[in-house]
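Asker: after the sequence you'll find the predicted model.
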Amino acid sequence: MTDHEPSSFNDLSGSPDETPTQVESKPLFSRAGGAAEGTVVAETPASDGPPPSATPPVVGPMTMNSRWRWAVVGLATVLVVGLLGAVFVLAGPKTGAPSTVARYAPSNTAGYLELRQDLPGDQHNLLAQLMSHFPGFADQAAFDQKIDETFQSLSERSDGAVSWQDDIKPWFGGDIGLFSSTLNPRPGTPPSMTFAFTVKNGQKAALEGWLTPLVGAGWQQVTYEGQTLWSGQFPGSATRVSLTWSDEALVLSARIEDLEAALDARADRAPGLADDQYFLQQLAALHADRLGTFYFDGRALAQEMRDQMGVLPGLDTTDAMLDAIAIRVLGEVRAESDHLAFTMRTERAANSNAPPLPANRSTDLAELAPHDALFYAEVRDVGQNISFYIEQTLLPLASAGSAPFDLSAIQQMLGVPPQDFFDFIVDASVSYSGFAGAPDFGLVATVDDNAIATARVNKIVSLLHAAMQFGGGVTFDQEQHGAASLTVITVNGGFEGAPETSVAISVTGGRLLIGTHDFVIGVLDRTRDQSLAARPEYQAALTAGGAANAGVVFVDIAAAISAYETLVPADMRVDYDLNQGPFLAPLSHLAMITTTEAGQQVNHVFLYVK
């Protein structure tokens with residue numbers, strides 16, 4: 001049986017099995033269209049000669065040249081038709097093959113999660129290599145045994161009601177699907193949640209041997225489209241569920257209507273997620289072998305929020321916040337030998353009220369970040385995005401209400417419209433290093449006009465200076481460091497018991513620098529070999545996700561864990577060293593590389609081990 005053929009669910013109501021000679025009057029699974037039910041379409045055999053009414057062909061003389069001419073024309077026709085067909089095939093969007101469990105998800109699925117316990121393709125060996133870094137998994141040859149022990153341990157937490165080894169493993173095919181039609185059920189309505197578990201080929205009897213005693217007394221059964229559905233409560237559970245099974249899958253749902261919808265989708269009686277072109281096209285961009293797949297469709301949720309919120313005073317509810325929810329995301333998780341890789345492909349609706357996606361490009365901003373950065377993030381088109389949100393959010397708020405705010409005074413003070421004030425900023429990065437007692441952090445941004453940037457930064461400093469004239473223990477100083485001029489703003493114990501804090505600001509060499517004094521001096525003095533960009537792990541993440549990108553995030557997890565361990569209280573140290581530290585110790589760093597691809601945002605997240 002292939003994934004394209006629906007399974008035959010047995011009628012468990014007690015009817016005798018049909019013999020092979022019986023002919024069904026109605027197929028169990030059908031698709032709309034085609035011949036009518038019960039109709040036999042016979043092929044008309046081709047005869048050796050033309051039909052009686054056909055006009056006899058006229059045969060004329062044909063020279064060798066005419067034969068070659070027609071042969072060339074025929075060959076050319078075949079080549080042209082073949083070339084056009086290839087163009088259409090290659091130019092058309094490619095689609096991926098949905099799994100068996102995905103074929104049960106209805107078309108209105110809002111959330112979908114698929115897990116592959118069978119570890120397809122290269123995932124078994126790669127996951128074994130990855131897990132060998134963690135306690136208990138060092139022996140890769142014993143990986144399968146360790147997996148079984150882990151699942152058995154989890155099953156034993158159910159008070160012995162279920163055993164992985166005895167009840168589940170004999171029939172389980174390794175693929176689990178979990179999907180829901182709504183993420184925001186109405187009050188009093190059970191949550192929409194349906195599970196589909198694949199069944200090993202030929203192991204339906206093992207599944208029935210486990211389930212049949214459980215769906216006995218107190219369970220109700222109904223027939224739906226020739227299939228028996230059971231509804232009731234498992235021993236020791238207060239939750240009512242509905243389920244059915246076949247030689248292909250066990251399907252279980254919190255609501256019987258969701259179970260029916262899943263069966264309709266699998267039988268092609270209704271469209272399903274596996275028929276959705278967006279889902280299929282994005283699936284084709286993922287790896288064929290992966291540990292899991294996840295899907296989110298927030299369009300219905302955003303519409304529900306619009307209906308519940310109504311029109312807020314001074315705001316159109318079709319704003320960026322709701323547009324950020326009304327998206328579709330398809331992603332995967334995959335094991336590599338030294339990291340877990342998560343990929344998320346996010347749709348941007350054509351009418352989205354959000355700033356345009358940035359173009360992919362590479363920068364040298366990481367060469368200015370400290371080598372020991374605990375956290376680093378890099379974003380694109382900062383000024384453009386600030387302008388967008390001021391224009392779309394703040395300005396409508398200011399002009400709303402019975403007494404709209406007069407923006408002309410702000411524009412006169414700034415010298416330009418508020419939404420244009422930061423348009424000189426292009427790309428920006430922020431980084432944090434050091435420990436809680438003496439952190440270094442700040443921002444480095446590229447600017448498209450050094451003179452405009454200097455003038456507008458000076459305007460902000462002048463406004464701050466004027467505001468501080470009314471008191472507050474804040475001083476403003478000018479400092480020269482090489483060719484760069486710095487404005488140093490020092491807060492002398494602004495908070496009770498707080499130490500003196502200095503912030504430096506400078507515009508130099510096409511860059512805006514803002515941060516702690518040591519941070520800014522470090523940026524001005526740093527060479528590439530002393531920067532984050534020189535770290536091999538940072539470059540490896542760029543290579544995996546794309547050196548030309550729309551954004552970067554880097555977190556040094558190992559350094560953060562080391563810093564945390566210095567803060568663990570003495571009375572918790574033994575527990576930490578025994579139960580937490582050994583499992584955190586293998587973690588190295590996390591990186592996220594964001595790219596823009598064909599109008600979509602693609603996030604590549606890598607969690608590395610040492």
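Answerer: Yep, that arrived.
Asker: C-alpha from now on. contacts and neighbour counts both.
Answerer: OK.
Asker: which phi and psi does D118 have?
Answerer: phi -80, psi -10 (degrees, to the nearest 10).
Asker: how about the closest residue to it other than its chain neighbours, what does it touch?
Answerer: Closest residue to D118 apart from its sequence neighbours, by Cα to Cα, 6 or more residues apart in numbering: G174 at 4.4 Å. By Cα atoms under 8 Å, 6 or more residues apart in numbering, the contact list for G174 reads 116-119, 197-199.
Asker: list only those of the residues you listed flagged as buried.
Answerer: Buried members of the contacts of G174, counted by 16 or more other Cα atoms under 10 Å: 116, 119, 197-199.
Asker: which SSE is the residue nearest the centre of the chain in?
Answerer: Note on the chain: the residue nearest the mean C-alpha position is M344, at 2.9 Å, using Cα atoms, centre = their mean. Using DSSP states H and E, M344 sits within strand 339-347.
Asker: restricting to C-alpha, output that strand in CSV.
Answerer: Extracted C-alpha coordinates of strand 339-347, given in CSV (Å, rounded to 0.1, in the frame of the first residue of the first chain):
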residue,chain,number,x,y,z
HIS,A,339,23.8,20.1,16.0
LEU,A,340,20.1,20.1,15.7
ALA,A,341,18.8,22.1,12.7
PHE,A,342,15.4,23.8,12.7
THR,A,343,14.1,25.4,9.6
MET,A,344,11.0,27.6,9.5
ARG,A,345,9.5,28.9,6.3
THR,A,346,7.1,31.8,6.9
GLU,A,347,4.6,33.1,4.4
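Asker: now do H339: how many residues are near it, please.
Answerer: The number of residues packed near H339 is 23, by other Cα atoms under 10 Å.
Asker: hang on, I meant S180
Answerer: Neighbourhood size, S180 [other Cα under 10 Å]: 21.
Asker: residues contacting it?
Answerer: By Cα under 8 Å, 6+ apart, S180 lies in contact with 109-112, 192-194.
Asker: cool, and N360?
Answerer: Going by Cα under 8 Å, 6+ apart, N360 touches 548-550, 595-596.
Asker: and for Q600?
Answerer: Taking Cα under 8 Å, 6+ apart, one finds 345-348, 357 in contact with Q600.
Asker: that older thread, list the ones among the buried ones among the contacts of G174 that fall in strands.
Answerer: 116, 197-199 (DSSP state E).
Asker: distance of G482 from D364?
Answerer: If you measure G482 against D364 using Cα to Cα, to the nearest Å, the figure is 21 Å.
Asker: same check on D448?
Answerer: 15 Å.
Asker: quick one: which of these two has more around it?
Answerer: Just comparing D448 and D364: by other Cα under 10 Å the higher neighbour count belongs to D448, 15 against 10.
Asker: can you list the weak-confidence ranges in this protein?
Answerer: Applying pLDDT under 70 to the chain flags residues 1-94, 158-160, 184-188, 310-320, 350-351, 398-405, 436-437, 470-472, 493-499.
Asker: confirm that the residue nearest to D118 sits in a strand.
Answerer: Yes - according to DSSP: H, G, I helix; E, B strand; the rest coil, G174 belongs to a strand.
Asker: could you pull up the contacting residues of the residue nearest to the centre of the chain?
Answerer: Contacts of M344 (Cα under 8 Å, 6+ apart): 329-332, 602-604.
Asker: drop anything exposed from those.
Answerer: 329-332, 602-604.
Asker: which of the residues you listed lies closest to L587?
Answerer: H604 (17.9 Å; Cα to Cα).
Asker: is it correct that that closest one is in contact with L340?
Answerer: No - contact criterion Cα atoms under 8 Å: H604 and L340 do not qualify, at 10.4 Å.
Asker: and the gap between Q303 and S253?
Answerer: 25 Å.
Asker: compare those two (neighbour count), which wins?
Answerer: With neighbours defined as other Cα under 10 Å, Q303 and S253 compare such that S253 has more, 25 against 17.
Asker: which residues touch that one?
Answerer: By Cα under 8 Å, 6+ apart, the neighbours of S253 are 192-195, 241-243, 259.
Asker: name the nearest residue to it, sequence neighbours excluded.
Answerer: Nearest residue to S253, sequence neighbours excluded (Cα to Cα, 6+ apart): T194, at 4.1 Å.
Asker: I figured that neighbour was touching V251, is that so?
Answerer: Yes - in terms of Cα under 8 Å, T194 counts as a neighbour of V251; the distance is 7.2 Å.
Asker: mutual contacts of the two, please.
Answerer: Common neighbours of T194 and V251 (criterion: Cα under 8 Å, 6+ apart): L259.
Asker: can you give me the helices for the stretch 401-550 of the chain?
Answerer: Remark: helices assigned in the stretch 401-550 of the chain by DSSP state H, counting those that start in this stretch are 408-414, 450-467, 517-525, 536-545.
Asker: tell me the gap between the first one and the middle of its chain.
Answerer: What it means is helix 408-414. 43 Å (Cα atoms, centre = their mean, to the nearest Å).
Asker: next one: the longest one
Answerer: On the basis of Cα atoms, centre = their mean, helix 450-467 sits 41 Å off its chain's mean C-alpha point.
Asker: alpha carbons of that helix, as CSV, please.
Answerer: Coordinates of each C-alpha in helix 450-467 appear next as CSV, following Å, rounded to 0.1, in the frame of the first residue of the first chain:
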residue,chain,number,x,y,z
ASN,A,450,27.7,60.4,7.8
ALA,A,451,26.8,64.1,7.9
ILE,A,452,23.1,63.6,8.3
ALA,A,453,23.7,60.9,10.9
THR,A,454,26.1,63.3,12.9
ALA,A,455,23.6,66.1,12.7
ARG,A,456,20.6,64.0,14.0
VAL,A,457,22.6,62.3,16.7
ASN,A,458,23.8,65.8,17.9
LYS,A,459,20.1,66.9,17.9
ILE,A,460,19.2,64.0,20.2
VAL,A,461,22.2,64.8,22.5
SER,A,462,21.2,68.4,22.6
LEU,A,463,17.6,67.6,23.5
LEU,A,464,18.8,65.2,26.3
HIS,A,465,21.2,67.8,27.6
ALA,A,466,18.5,70.4,27.7
ALA,A,467,16.2,68.0,29.5
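Asker: what is it packed up against?
Answerer: strand 501-508 (3 or more Cα pairs under 8 Å, 6 or more residues apart in numbering; DSSP states H and E).
Asker: partners of the strand it packs on, with directions?
Answerer: strand 484-491 (antiparallel), strand 511-516 (antiparallel) (DSSP bridges).
Asker: list the contacts of F234.
Answerer: 214-215, 240.
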